[in-house]
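Using only what follows, build the 3D model:
(2 chains)
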Protein chains: 2
Amino acid sequence: MLIKSQVKYIQSLSQKKLRDEEGVFVAEGPKIINELLRSATVKPRALYAVPEWIQVHNDVLSTMHANAVNEVSVSELERISFLSTPNQVLGIFSRPVFAAAADPAKSIVLMLDTIQDPGNMGTLLRTADWFGIEQVVCSEDSADAFNPKVVQSTMGSISRVQVEYTDLDRYLQKHAHVPVYAATLDGTPVHELKKIKNGILLIGNESKGIRASLLQKTTHRITIPGRGGAESLNAAVAAGILMNVLSGYGQ
Amino acid sequence: MLIKSQVKYIQSLSQKKLRDEEGVFVAEGPKIINELLRSATVKPRALYAVPEWIQVHNDVLSTMHANAVNEVSVSELERISFLSTPNQVLGIFSRPVFAAAADPAKSIVLMLDTIQDPGNMGTLLRTADWFGIEQVVCSEDSADAFNPKVVQSTMGSISRVQVEYTDLDRYLQKHAHVPVYAATLDGTPVHELKKIKNGILLIGNESKGIRASLLQKTTHRITIPGRGGAESLNAAVAAGILMNVLSGYGQ
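The predicted structure follows:
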């Protein structure tokens, strides 16, 4: 059963300010919840699940504090869910804790300038995770990685990829010796590139691209040649194509 | 001004059955509307726009039937919009009319098995358009290309890419001589592939992948190697990576 204060608390987590203050994020659905419960970087603070889910997860639940597991009805789950179709279980987790941030002089770091769409942000984190990129540096005006929609789109990668929000100009100044590969419409064709071991891959805003001050600090401009009528590629698709070439895993 | 029957009619277009009967689709926002108004494949049936948009588009509007252009207030636009943030103009367009379907023996055709997410479907069409793929063949249970969310995600590509819904098993039987490249988790690494001139690129459902009956008919299985923790890539990102390699434009 749910009490009013629980409903209010969960609903309040739609706001970034309150999520940040609490140091938590919300995830939903058996697939992502099961993955997060096995993760070493995040800890469950509370679970709200229908009886069917609880019955088949007694082993996991026995390791949790009894108060942290709440049996709810389908209609109660609907009241607290951020999904249009609630799916058995909602969990509140502590934010992932990582070792020191990856150094772009030693590995590939993904940099996102003002990515605004939560779905794009989540897909970018998931794609980085696929290619073994452990660090994503975002401008402060990018979509919040702990927004429930972003968390769902990461499909669990939120617990494996370290996301940092910072002043990107300062970040590039600090790492001035590192190659910066920027996705633009006027660069070297992506097919001419070789895989890299380190550096920064910079992806810009969905409609405005990369801001001028950052573009000035890049060392390589890369373009994905096309021949159809589309004006541009989706930011996550473009980033995926570049990560596939630059990370060169499997080559 | 809007009359009740107009509001009802536009709202009814959220249903596939009624969109199909009318042979129309809805698009919103200045960018996509301006592109569609210049397109040779679609015709505007009706526009609903705020005065600010109408004032700067008098040249386009002068070529349309006077009854087809409706000035609406911001609150009226909110009533008919399918977007969470309505954006100046909503248009109802006739479905695109194309010449004969592309032949997979002569060019690359994208095949989609049960793509369910409207955002993914739209991004897939946009990406196909970028790489010059003119024909997309979808299983009948895939997301409808003329769903308003799909149309928005295509960013205008809906007017350039021909989308066909059909029985995919029969389609492959009919084109039995054509190479079929399937995105799977156990195939040849994508980096080992060369560009192709013709064939079918087959992408499967977001969680279930490609159904067995189709997988049996493929000639090449392709995998995008990864090394991180993510279990899979987003369907549109995976398709973009494969299209970039197979279409080989710029090489």
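
How confident was the prediction at the nearest residue in space to A:Leu168 that is not next to it in sequence?
Leaving aside its chain neighbours, A:Leu168 sits nearest to A:Ser139 (5.0 Å; criterion: C-beta to C-beta, 6 or more residues apart in numbering or on different chains). C-beta here means a position set from N, CA and C on the backbone, and glycine is covered the same way. Per-residue confidence (pLDDT) for A:Ser139: 98.

need the residues of the stretch 1-150 of chain A near chain B, please.
Proximity of the stretch 1-150 of chain A to chain B (C-beta under 8 Å from any C-beta of the partner chain) is limited to residues A:119, A:123, A:126-134.

okay, those in a markdown table with distance to B:Gln251 next?
Putting the residues of the stretch 1-150 of chain A next to chain B into a markdown table (distance: C-beta to C-beta, whole Å) gives the following:
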| residue | distance to B:Gln251 |
| --- | --- |
| A:Gly119 | 30 |
| A:Thr123 | 26 |
| A:Arg126 | 28 |
| A:Thr127 | 23 |
| A:Ala128 | 26 |
| A:Asp129 | 28 |
| A:Trp130 | 24 |
| A:Phe131 | 21 |
| A:Gly132 | 25 |
| A:Ile133 | 25 |
| A:Glu134 | 31 |
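
Which of those fall within helices?
A:119, A:123, A:126-130 (DSSP state H).

can you put those in CSV and add neighbour count, pLDDT and distance to B:Lys174?
As requested, those are exported to CSV (neighbours: other C-beta atoms under 10 Å in any protein chain shown; pLDDT from 0 to 100; distance: C-beta to C-beta, whole Å):
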residue, neighbour count, pLDDT, distance to B:Lys174
A:Gly119, 20, 96, 35
A:Thr123, 30, 98, 34
A:Arg126, 27, 97, 36
A:Thr127, 31, 98, 35
A:Ala128, 30, 97, 40
A:Asp129, 26, 97, 39
A:Trp130, 27, 96, 35
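
picking that back up, the residue nearest to A:Leu168 and A:Met121 touch, don't they?
No - applying C-beta atoms under 8 Å as the test, A:Ser139 and A:Met121 come out as separate, 11.6 Å apart.

Can you show me the strands along the stretch 151-251 of chain A?
Secondary structure of the stretch 151-251 of chain A, counting by DSSP state E, counting those that start in this stretch: strands at A:162-165, A:180-189, A:199-203, A:220-223.

could you dump the last one to CSV, C-alpha only?
Yep, that's strand A:220-223 we're talking about. Included here for strand A:220-223 are C-alpha records, laid out as CSV according to Å, rounded to 0.1, in the frame of the first residue of the first chain:
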residue,chain,number,x,y,z
HIS,A,220,39.7,17.4,-36.3
ARG,A,221,36.3,18.0,-38.0
ILE,A,222,34.5,14.9,-39.2
THR,A,223,31.6,14.6,-41.5
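
Not counting that strand itself, show me its contacts.
For strand A:220-223, contacts defined as C-beta atoms under 8 Å, 6 or more residues apart in numbering or on different chains pick out A:179-190, A:193, A:242, B:250.

Okay, now the sheet partners of that strand, with direction.
strand A:180-189 (parallel) (DSSP bridges).

where in the stretch 151-251 of chain A is pLDDT low?
Along the stretch 151-251 of chain A, the model assigns pLDDT under 70 to residues A:250.

So which residues on it come close to chain B?
Proximity of the stretch 151-251 of chain A to chain B, by C-beta under 8 Å from any C-beta, involves residues A:153, A:155-157, A:160, A:189-191, A:223-234, A:236-238, A:240-241, A:244, A:248-251.
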